[in-house]
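Enquirer: predicted model and sequence follow; I will ask about them next.
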Amino acid sequence: MKSHYSIIYSLLLVVIYGCGTEAFGLDIDYEKNLSAVNENLARKGKYPIIAHRGAWSETGHPQNSLAALKEALSLDIFGSECDIWKTSDNVFVICHDQTYNGMDVTKCTYAELAQYPLNNGERIPTLDDFLTALEASTTQTKLVIELKSNAQPMEVFEAVNKRGLLHKVVFITYSYKKCQTFASMGCGDIAYYIGGSKTPEEIRYNGIGGIINSEENIRKVPDWIERSSNVGVQLVLGSVNNPSIMNQYIDRGCLFSSNRPITLVKAIDKQVKVRKATKKRR
C-alpha cells in the first residue's frame with residue numbers, strides 16, 4: 001500500500017538523524033496517520049479534477065472564497081485548491097498573493113485584513129473556515145492546501161489533524177523540504193511537490209505522493225506519466241482548461257488542475273454518454 005512508503009521514510013529519518021517528530025514539538029501517532037492516509041487515498045471523487053482556487057471563473061465567485069470552495073465541493077471532483085499564509089497573529093488565512101488590499105498579509109493581524117471584505121461581501125476566509133465547510137461536505141472532494149512561504153508543515157498538519165480531517169486533505173508546496181517534512185510525519189502520500197526538478201522515482205523514494213507540473217512541461221517529458229504510475233506517484237497536470245487537452249490524458253491516471261472545473265466535468269459526462277451509446281450500438 002502506498003502509504004507504507006511514508007511510514008518507512010519517517011522511520012529512516014529517526015534512524016539516520018537520531019530524532020523523530022518530537023523535535024518539531026509534535027507527538028505523532030503514526031498508526032492513526034496511516035489509517036487516515038489510507039482512507040484519504042480511497043477518496044477520489046467522481047471526476048479527476050482539482051478546482052484551482054475553487055470554482056470561481058465560471059460562477060462569478062471570488063477566487064479562494066468560501067462560495068467558490070462550496071461550489072467546488074458540490075461537484076464531487078478530486079479536490080478544491082486553496083492558498084494559505086500565516087498572519088502576524090498566527091491565523092492561517094486563505095489568499096493567493098502575499099498582499100491583500102495593498103497590505104502584506106504576513107505583517108498584518110487577521111482583524112486588520114478582515115476589515116476589507118471580498119467583492120461578494122465575504123470576509124477574507126481562514127483555513128478554519130475552509131475546514132468547517134469541508135467537514136460539512138458530503139461529497140468525496142478534498143481540500144488541496146498549498147502552503148505559501150511562511151506556512152510551515154507542522155503547524156498546518158496540526159490545524160488539520162485537530163479537526164480530524166487528515167483523511168480529506170492534500171498538502172501541496174513548491175518546497176521539497178516541506179514535502180519531506182510531511183513524509184517524516186507519516187503523511188507524505190498526501191503531500192504533492194509542485195515543480196519539475198525531481199523525477200517520479202526521486203519523489204517516491206522520499207515517501208512523497210505526487211507531482212504537480214504544467215501540461216505544457218509534461219508534454220516535453222511524456223514518459224513521466226507512465227513512470228509516475230509505475231512507482232505509485234500521482235501526477236497532476238496544471239493549467240488544463242480545455243477539454244480537448246484533458247481528453248489526451250483522461251485514461252492515463254492523471255489529475256487535472258483547472259480554472260474551469262465545471263467545463264471539464266461536463267466534458268467528462270458527455271464523453272461517458274458517448275461511450276455508453278457506442279457500446280450499446282455494438
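Expert: That came through fine. Numbering: from 1, shown residues only.
Enquirer: and residue 85, which of the three is it?
Expert: At residue 85 the chain is in strand, as set by DSSP: H, G, I helix; E, B strand; the rest coil.
Enquirer: actually residue 80, sorry about that
Expert: strand.
Enquirer: would you mind measuring from it to residue 53?
Expert: 8 Å (C-beta to C-beta, to the nearest Å). Heads up, the C-betas are built off the backbone N, CA and C, glycines and all.
Enquirer: what do the two both touch?
Expert: By C-beta atoms under 8 Å, 6 or more residues apart in numbering, residue 80 and residue 53 have these common neighbours: residue 68.
Enquirer: higher neighbour count, these two?
Expert: residue 80 (32 against 23; other C-beta atoms under 10 Å).
Enquirer: that one and residue 51 touch, don't they?
Expert: Yes: counting by C-beta atoms under 8 Å, residue 80 does reach residue 51; the two are 4.5 Å apart.
Enquirer: between the two, which contacts overlap?
Expert: 68, 72.
Enquirer: do you have the helices of the stretch 101-250 of the chain handy? List them.
Expert: With DSSP state H, counting those that start in this stretch as the criterion, the stretch 101-250 of the chain has helices at 110-114, 127-136, 153-161, 176-184, 200-205, 215-220, 223-231, 243-247.
Enquirer: who touches the second one?
Expert: In this structure, residues lying in contact with helix 127-136 by C-beta under 8 Å, 6+ apart are 66, 69-70, 73, 82, 84, 92-94, 142-143, 145, 156, 159-160, 163, 165, 168-169.
Enquirer: what about 10 Å?
Expert: Residues from elsewhere that reach helix 127-136 (C-beta atoms under 10 Å, 6 or more residues apart in numbering): 54, 64-67, 69-70, 72-73, 80, 82, 84-86, 91-94, 122-123, 125-126, 141-143, 145, 151, 156, 159-160, 162-165, 168-169.
Enquirer: same question for the fifth one.
Expert: Helix 200-205 has contacts (C-beta under 10 Å, 6+ apart) with 2, 5, 9, 176, 179, 183, 188-189, 191-193, 198-199, 208-211, 221, 223-235.
Enquirer: tell me where the model's unsure across the stretch 151-282 of the chain.
Expert: The stretch 151-282 of the chain contains residues with pLDDT under 70 at 282.
Enquirer: measure residue 138 to residue 105 for me?
Expert: 32 Å.
Enquirer: ok, the two, which is more surrounded?
Expert: A count of neighbours by other C-beta under 10 Å puts residue 105 above the other of residue 138 and residue 105, at 26 against 8.
Enquirer: show me what the nearest residue to that one once chain neighbours are set aside is bridged to.
Expert: Ranked by C-beta to C-beta, 6 or more residues apart in numbering and with sequence neighbours excluded, the top spatial neighbour of residue 105 is residue 85, at 4.8 Å. Taking DSSP bridges as the rule, residue 85 bridges to residue 93.
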